[in-house]
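# need the 3D shape of this:
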Amino acid sequence: MLPTLILASTSKYRAELIQKLGIPFLTKKPNYDEDTAKSEGLLKGFTPERLAEELSRGKARSLEGPNQTVIAGDQLVHLSGKILGKSERFDLALEQLSALRGQWHQLITAVTIKTAQNEFHINHVTHLHMRQLTDQEIENYLRSDAPYDCAGSYKIEKSGLILFDEIKTDDFSAIQGIPLIWVASRLKELGYEYFQK
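Okay, the predicted model is just below:
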């Protein structure tokens, strides 16, 4: 019998992506102090990719068990040397989107798959160019989607797609939190079968 698949996240967006695989899974909140780990990584001068990777691996390892496969992830926005995370509220989201408009930025989606014997990891990088939006458009968007729980303050799966005039990626699902093509391949290698439910 294959190990139980665990999604180490309370994100409904990540859960919706994993559901597409048709593989039964459970969701658990990581036993991990993400805020402290992020602050320490920033103090150590980690690159955005290194920081996202450390957070992803930390979450996965916090739920490691003998008979389970854990999927954990983290997302960061990298804009001209600055790291943007979740805004959590309107004024900070307004500040983030105002900084992003008319600019290219990177969305780093780090994912770790941890079993008792193996650990797989990817840093998936998407390049996005935001339109030159007006202040009113940004405010209206924020009131529409309330994307305060998303890195960079946009929800691509809702109206957030309209904020951009160009997106460069080889896996669109990564923008929503899980590079599903990569995850599906690794799970297949581990013996899981798709579309069981």
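# the helices in the chain, which residues?
Under the criterion DSSP state H, helices of the chain are mapped to 12-19, 34-43, 48-62, 90-100, 135-145, 180-189.
# can you tell me which of those helices is nearest to Asp170?
helix 180-189 (7.8 Å; Cβ to Cβ). C-beta: built from backbone N, CA, C; applies to glycine.
# what's in contact with that closest one?
Residues from elsewhere that reach helix 180-189, judged by Cβ atoms under 8 Å, 6 or more residues apart in numbering: 5, 17-18, 20-21, 23, 69, 71, 111, 113, 120, 122, 124, 170-171, 173-174, 194.
# in ChimeraX, select just the buried ones from those.
Buried members of the contacts of helix 180-189 can be picked out in ChimeraX with the line below, counting by 16 or more other Cβ atoms under 10 Å:
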select :5,17,18,21,23,69,71,111,113,120,122,124,171,173,174
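# which of the helices of the chain has the highest mean neighbour count?
With neighbours defined by mean count of other Cβ atoms under 10 Å, none of the helices of the chain is more surrounded on average than helix 48-62, at a mean of 22.
# elements contacting that one?
Taking 3 or more Cβ pairs under 8 Å, 6 or more residues apart in numbering; DSSP states H and E as the contact definition, the neighbouring helices and strands of helix 48-62 are helix 34-43, strand 68-79, strand 104-114, strand 119-130.
# contact partners for the residue lying closest to Gln75 once chain neighbours are set aside?
Residue nearest to Gln75 in three dimensions, not counting chain neighbours: Ala151, with 4.3 Å by Cβ to Cβ, 6 or more residues apart in numbering. The contact partners of Ala151, by Cβ under 8 Å, 6+ apart, come to Gln75, Leu76, Val77, Leu84, Gly85, Lys86, Leu107.
# can you list the residues you listed in CSV and add pLDDT?
Shown next, in CSV, are the contacts of Ala151 (pLDDT from 0 to 100):
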residue, pLDDT
Gln75, 95
Leu76, 95
Val77, 97
Leu84, 94
Gly85, 90
Lys86, 92
Leu107, 97
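# reformat these as TSV; add distance to Arg131 and neighbour count.
Formatted as TSV, the entries for those read as follows, by distance: Cβ to Cβ, whole Å; neighbours: other Cβ atoms under 10 Å:
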residue	distance to Arg131	neighbour count
Gln75	21	27
Leu76	22	22
Val77	16	24
Leu84	17	22
Gly85	22	20
Lys86	22	18
Leu107	16	24
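# identify the farthest-apart pair in the residues you listed.
Of all pairs drawn from those, the one with the longest distance (Cβ to Cβ) is Lys86 and Leu107, at 12.9 Å.
# show me what contacts the nearest residue to Pro48 once chain neighbours are set aside?
Of all residues beyond its chain neighbours, the one nearest Pro48 is His78 (4.1 Å), with distances taken as Cβ to Cβ, 6+ apart. Under the criterion of Cβ under 8 Å, 6+ apart, the contact list for His78 reads Pro48, Leu84, His105, Gln106, Leu107, Ile108.
# and of those, the nearest to Gly41?
Nearest to Gly41 among those: Pro48, at 9.8 Å, using Cβ to Cβ.
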